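> sequence and predicted model, in that order:
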Amino acid sequence: MPFASGIHYTTHRPVDNSRPPLILIHGAGGSLLSWHPYLRRLADVNVYALDLPGHGKSQGESRASIETYADDIFAFMQALGLKTGILTGLSMGSGIALTLVLKYPHMFKGLSVLGGGAKLRVAKATLEMTENPATFPSAVETINTNCFSDYAPQELVQLSRQNMLNMSPANLAADFRACDQFDVSDELRRIQIPTLIICGADDKMTPPKLSQFLNQQIPNSELHILEKTGHMVTLEQPERVANLLTRFIEKVAPLP
């Protein structure tokens, strides 16, 4: 069970290692299981899928801010000697990825933002219900339902619900409070690296308008809106997302 700087992770290492590694950062209340195996085992690229502190098999507590999570990822990369990479973030993970690219603009070769936004506001009622142990199960039910489209298989929705229920109310509430404070709207034009933006047309958590704003503000970006798909594009449309990521990586870091 590999750990680096206290972060549990899995790695996929193909025969060819010439490309920058792909680093997968999950969202609030998630874990590396938020990434379908198709994405954790993408061809022709080293892939690192992480459990953020307080999530999955990583110990500790959730962080109070997106920037602190970004510092955790930077420390993780330093511990493994990763000098560059292609960041891919889902939901809260997209905020972490955006923060890293803004903080270390010359360190990364590419950025992928899935189900993300320059702001990640959370309703006050959701925050209050999440941090209260008595209302935590109801909050998880509502949040999880809103993470998927009506087309998602029910067994997938149920598995996601159970995984989120395994978190402590305090850790999930901390994630949502970190999201609620996040805002890089005025900084997006500083991002100059190639950026892939993906969202579901039926995303209730981070509606497509947030991805459209990212696309308008980030100069070298491309946007793909997936029909009949909700917030968890990585689980509802893993093959489509894998294909988009593969094409993106081939452009950003072609094989010699």
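Nice, I can see it. Residues are numbered from 1 along each chain as shown.

> how about M205, secondary structure?
Here M205 takes the coil state, with states given by DSSP: H, G, I helix; E, B strand; the rest coil.

> can you give me the strands in the stretch 151-256 of the chain?
Taking DSSP state E, counting those that start in this stretch as the test, the strands found in the stretch 151-256 of the chain are 195-200, 221-226.

> most packed of these?
Counting by mean count of other C-beta atoms under 10 Å, strand 195-200 has the highest mean neighbour count of these, with a mean of 27. C-beta here means a position set from N, CA and C on the backbone, and glycine is covered the same way.

> that one packs against which elements?
In this structure, strand 195-200 makes packing contacts with strand 108-114, helix 208-217, strand 221-226, helix 233-236, helix 238-252, judged by 3 or more C-beta pairs under 8 Å, 6 or more residues apart in numbering; DSSP states H and E.

> flag every buried residue along the second one.
In this case it means helix 208-217. Using 16 or more other C-beta atoms under 10 Å as the test for burial, helix 208-217 gives 208, 210-211, 213-215, 217.

> hang on, the earlier thing: who wins for proximity to Y9 among the helices and strands packed on strand 195-200?
Among the helices and strands packed on strand 195-200, the nearest to Y9 by C-beta to C-beta is helix 233-236 (16.4 Å).

> rewinding a little: got JSON lines for the helices and strands packed on strand 195-200, with distance to D175 and mean pLDDT too?
Below are these laid out as JSON lines (distance: least, C-beta to C-beta, whole Å; pLDDT from 0 to 100):
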{"stretch": "strand 108-114", "distance to D175": "16", "mean pLDDT": "98"}
{"stretch": "helix 208-217", "distance to D175": "18", "mean pLDDT": "98"}
{"stretch": "strand 221-226", "distance to D175": "24", "mean pLDDT": "98"}
{"stretch": "helix 233-236", "distance to D175": "17", "mean pLDDT": "98"}
{"stretch": "helix 238-252", "distance to D175": "22", "mean pLDDT": "97"}
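
> great, nothing more from me.
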